[in-house]
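J.: Need a 3D model of the sequence below.
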Amino acid sequence: MNGEAADTDGRKAVHLRIFGRVQGVWFRGWTVDEAQQRGLDGWVRNVSDGSVEALVAGPPDAVEEMVQRCRQGPPSASVDDVKISRANDPGLVGFHQAPTR
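T.: Okay, here's the model as predicted:
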């Protein structure tokens with residue numbers, strides 16, 4: 001990921017901001033399912049500007065795979081861009097939907 005993620009104790013954590021037609025297309029529910037299947041920790045939520053943001057943490061390969069999945073999204077979504085930045089690892093908290101920001 002070109003140094004875009006914090007790497008602590010063999011884990012990576014990234015903050016994603018996903019732009020495009022990503023609200024009202026089951027993006028958050030899909031993200032929770034995809035992250036839980038990979039054993040990742042973090043959250044996903046809608047943002048009032050129409051984007052979706054997520055904090056994804058876990059094994060580096062699983063985080064990278066999740067980032068790639070978010071670049072496509074669920075079938076009804078249309079992802080234009082994904083901005084990736086470093087994030088603090090939330091620890092072993094599971095993955096859930098958070099309230100809109």
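
J.: CA only for contacts and neighbour counts going forward, please
T.: Fine.

J.: where do the helices sit along the protein?
T.: Taking DSSP state H to define them, one finds helices in the chain at 27-37, 60-72.

J.: Which of these sits closest to residue 54?
T.: Comparison of those against residue 54 by CA to CA identifies helix 27-37 as nearest, at 8.7 Å.

J.: Start and end of stretch 41-56, how far apart?
T.: End-to-end distance of stretch 41-56 (CA to CA, to the nearest Å): 6 Å.

J.: Flag every buried residue along it.
T.: Across stretch 41-56, burial judged by 16 or more other CA atoms under 10 Å covers 41, 42, 43, 44, 45, 46, 51, 52, 53, 54, 55, 56.

J.: residues making contact with stretch 9-22?
T.: Here stretch 9-22 makes contact (CA atoms under 8 Å, 6 or more residues apart in numbering) with 4-7, 50-60, 63, 67, 70-71, 73, 77-89.

J.: May I see the buried residues of that stretch?
T.: For stretch 9-22, a neighbour-count test (16+ other CA under 10 Å) marks 11, 12, 13, 14, 15, 16, 17, 18, 19, 21, 22 as buried.

J.: low pLDDT regions in the chain?
T.: Within the chain, the ranges that satisfy pLDDT under 70 run 1-8.

J.: Determine which residue lies closest to the centroid of it.
T.: With the centre of the chain defined as its mean C-alpha position, the nearest residue by CA atoms, centre = their mean is residue 54, 3.9 Å away.

J.: Correct me if wrong: that residue contacts residue 47.
T.: No. Using CA atoms under 8 Å, residue 54 is not in contact with residue 47; the gap is 10.1 Å.
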